[in-house]
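1. what shape does this take:
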Amino acid sequence: QIVRHYGMIDAAQVNPFATVEPLAVLEIRRQGRTLQRDRIEAARRIVAAAYRAGEDSGLDPLLLLAVISVESRFNPFAESALGAKGLMQIIPKYHLDKLEALGGEEMVLDPEANIRAGAQILREYVARAGTLEAGLQFYNGAATDASAQYAQKILTERSRLEEAAYPAFRHAALTLNNTK
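-> Model prediction:
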């Protein structure tokens, strides 16, 4: 039981965590907020890296984010059975030159380096294949798929990301216009 200014009450009725030390509950809540802040900061870093890589490569940053979403679900440590690694699922043995330029093969799991290398690879494939759709198919190793399912999946995801981001852009534009 805990004493409140209005008398004695059963702690379990007030707080389901009553059997847990109050300081431990506060620590759990603090860690949850810290974890959420860490996830938000990681997402910001990924988006910023995609925008930098997009600017450097001439590719749409939302396209790069769509590739990341489809390939790894934004997991920087994702690894496929075929050895593709990181956010953009790069297979190191095929792209050592790009990874070496960014600091070595171990950089494949560095989110920013992975995005930069993936953007370079995709840009080369688009140039080689002649169209964005064909370049995306080549990136996925599905260049002979006449239905272009992978490219359509990426372009659909890009549209979804754009729709999700649009309200934030609109709000920012309205705020900017209202401050003039």
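2. next one: phi and psi at the spatially most central residue of the chain?
-> The C-alpha lying nearest the average C-alpha coordinate of the chain belongs to residue 74 (CA atoms, centre = their mean; 3.5 Å). Dihedral pair for residue 74: phi 70, psi 20, per degrees, to the nearest 10.
3. same thing with the one 4 residues further on?
-> Listed backbone geometry of residue 78 is phi -60, psi 140, with angles given as degrees, to the nearest 10.
4. tell me where this structure has helices.
-> Taking DSSP state H as the test, the helices found in the chain are 11-14, 22-57, 61-72, 96-101, 111-129, 132-139, 149-178.
5. residue 98 and residue 124, how far apart?
-> 9 Å (CB to CB, to the nearest Å). The C-beta positions use only the backbone N, C-alpha and C, and glycine is treated the same way.
6. before we move on, the earlier item: turn the helices of the chain into JSON lines, including mean neighbour count, mean pLDDT and distance to residue 79.
-> What follows is the helices of the chain, written out as JSON lines (neighbours: other CB atoms under 10 Å; pLDDT from 0 to 100; distance: least, CB to CB, whole Å):
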{"stretch": "helix 11-14", "mean neighbour count": "11", "mean pLDDT": "46", "distance to residue 79": "45"}
{"stretch": "helix 22-57", "mean neighbour count": "13", "mean pLDDT": "81", "distance to residue 79": "17"}
{"stretch": "helix 61-72", "mean neighbour count": "23", "mean pLDDT": "97", "distance to residue 79": "9"}
{"stretch": "helix 96-101", "mean neighbour count": "15", "mean pLDDT": "94", "distance to residue 79": "15"}
{"stretch": "helix 111-129", "mean neighbour count": "21", "mean pLDDT": "98", "distance to residue 79": "12"}
{"stretch": "helix 132-139", "mean neighbour count": "21", "mean pLDDT": "97", "distance to residue 79": "17"}
{"stretch": "helix 149-178", "mean neighbour count": "13", "mean pLDDT": "80", "distance to residue 79": "19"}
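7. which one of those lies closest to residue 80?
-> In terms of CB to CB, the element of the helices of the chain nearest to residue 80 is helix 61-72, at 8.7 Å.
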